[in-house]
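Q: Show me how the following folds:
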Amino acid sequence: MGDKKVSKEAPRKSPQVSKVKATSAYTPPTLRHRSNTDSLSSPDSALQDLRTSMELAFQRLNDKVDSMLLNQEQMLGRIATLEATQKDLEKSAGFLSTAVEDLKAEQCKFTEETQRLDIKFQELDKLHGDLKKYCHEKFRSVSEAQLKAERYSRSYNLRFGGIAEKQDENPIAEVQNILRNHLKLDNIIIENAHRVGQRRSNRPRHIIAKLLYRPQRQEVLASARRSLANTAFFITEDLTQEDFKTKARLRPVMDKAFKEGKRPRFRNGQLFVNGELYIEQTSSE
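A: Presented below is the predicted three-dimensional model:
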């Protein structure tokens, strides 16, 4: 019976051994699995697990070190870039500082040049004012001298109006006829005579007569005022264009003086009333 018991126990152990061999391959243990298999694991299996865990830990450590080294290289690259950028900025700042200093120097030069030009402009402006004043005075002086010379030249002349125009007429003879027959003046010598102005069908042109002697001019004018009052003829001074405009402007004053029994007389561009110079009143007065 004892042999039968041994033979019966042997078959019971064989299935357990085969089961351990079937599960000897390593799989990541779980808590439940580990609690169930710790009693069944062999020392080689535990050593293999430890080795695998260490390899995984070393692998993770190497990965972290590689990542840190990569990050360090990237940071070093960025630092190098920042340092290069800083150097460029410092260099640019140096250029800008130099440029600013150059601009300040140029601005100082420009300011000095502007001040110098302002002084020159002031001098030129004063010179222009002085020159303008001189030219104005010179022009006025020349104009007055020219007007005076023209007045003197015309002081020998008289204008005869109202004399009908004839074909092939002799202006000197026409003037002498008025002087002798209407003014009773036989001693007046006419140097030259001619008609002036544009031809008009309804009005004869004036005759300008130049007397040989200037004193006779006033004698003719005085006689004409007395003798030609009721005739179609008239005799006037040969005025310059400027004096003619002035006399036309003062005509109302002269007419008023005549009506008041005064003696108005226009001479050399000026009006005298009873021997006193008439002063025109400007609009501002």
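Q: got the residue ranges for the helices in the stretch 101-250 of the chain?
A: 171-181, 215-227, 241-249 (DSSP state H, counting those that start in this stretch).
Q: Not counting sequence-adjacent ones, nearest residue to Ser223?
A: Nearest residue to Ser223, sequence neighbours excluded (Cβ to Cβ, 6 or more residues apart in numbering): Leu183, at 4.4 Å. No exception for glycine: its C-beta is placed from N, CA and C like everyone else's.
Q: That neighbour: neighbouring residues, count only.
A: 19 (other Cβ atoms under 10 Å).
Q: cool, Leu96 as well?
A: With neighbours defined by other Cβ under 10 Å, the count for Leu96 comes to 11.
Q: element containing it, please.
A: In this assignment (DSSP states H and E), Leu96 forms part of helix 43-154.
Q: Between helix 215-227 and that helix, find me the angle.
A: 80 degrees (axes from the mean of the first three to the mean of the last three Cα atoms, to 10 degrees).
Q: about what we covered before: so which of the helices of the stretch 101-250 of the chain is the most packed in?
A: For the helices of the stretch 101-250 of the chain, the largest average neighbour count (mean count of other Cβ atoms under 10 Å) is found in helix 171-181, namely a mean of 16.
Q: Just want the angle from that helix to helix 215-227.
A: 60 degrees.
Q: List the contacts of helix 171-181.
A: 160, 163, 166, 185-186, 188, 190, 192-195, 207, 209, 220, 233, 235 (Cβ atoms under 8 Å, 6 or more residues apart in numbering).
Q: Tell me which of the residues you listed fall in strands.
A: Assignment to strands by DSSP state E places the following of these there: 160, 190, 192-195, 207, 209, 235.
Q: who wins for most neighbours among those residues?
A: Ala209 (27 neighbours).
Q: Quick check, pLDDT for it.
A: Note on Ala209: pLDDT of 96.
Q: Isn't it up against Phe160?
A: Yes - shown here, Ala209 and Phe160 form a contact pair, counting by Cβ atoms under 8 Å, at 6.1 Å.
Q: Quick one: residues in contact with stretch 230-242.
A: 147, 150-151, 154, 157-163, 178, 182, 208, 220-221, 224, 228, 247, 266, 269.
Q: So which bits of that stretch are buried?
A: 235, 237-240 (16 or more other Cβ atoms under 10 Å).
Q: for the residues you listed, which one is nearest Leu47?
A: Thr240 (143.8 Å; Cβ to Cβ).
Q: Could I get the phi/psi values of that closest one?
A: Dihedral angles of Thr240 (phi, psi; degrees, to the nearest 10) stand at phi -70, psi 160.
Q: What pLDDT does the model give it?
A: 89.
Q: Residue ranges in the stretch 151-285 of the chain under the pLDDT threshold?
A: 282-285 (pLDDT under 70).
Q: how about 50 then?
A: 285 (pLDDT under 50).
Q: cool, the stretch 1-150 of the chain as well?
A: For the stretch 1-150 of the chain (pLDDT under 50), the answer is 1-26, 30-37, 39-40.
Q: how about 80 then?
A: Applying pLDDT under 80 to the stretch 1-150 of the chain picks out residues 1-43.
Q: Without its sequence neighbours, what residue ends up closest to Tyr213?
A: Nearest non-adjacent residue to Tyr213 (Cβ to Cβ, 6+ apart): Ile189, at 6.7 Å.
Q: Same check on Asn192?
A: Lys210 (4.6 Å).
Q: who's in contact with that neighbour?
A: 156-157, 190-193.
Q: change it to 7 Å
A: Counting by Cβ atoms under 7 Å, 6 or more residues apart in numbering, Lys210 touches 156-157, 191-192.
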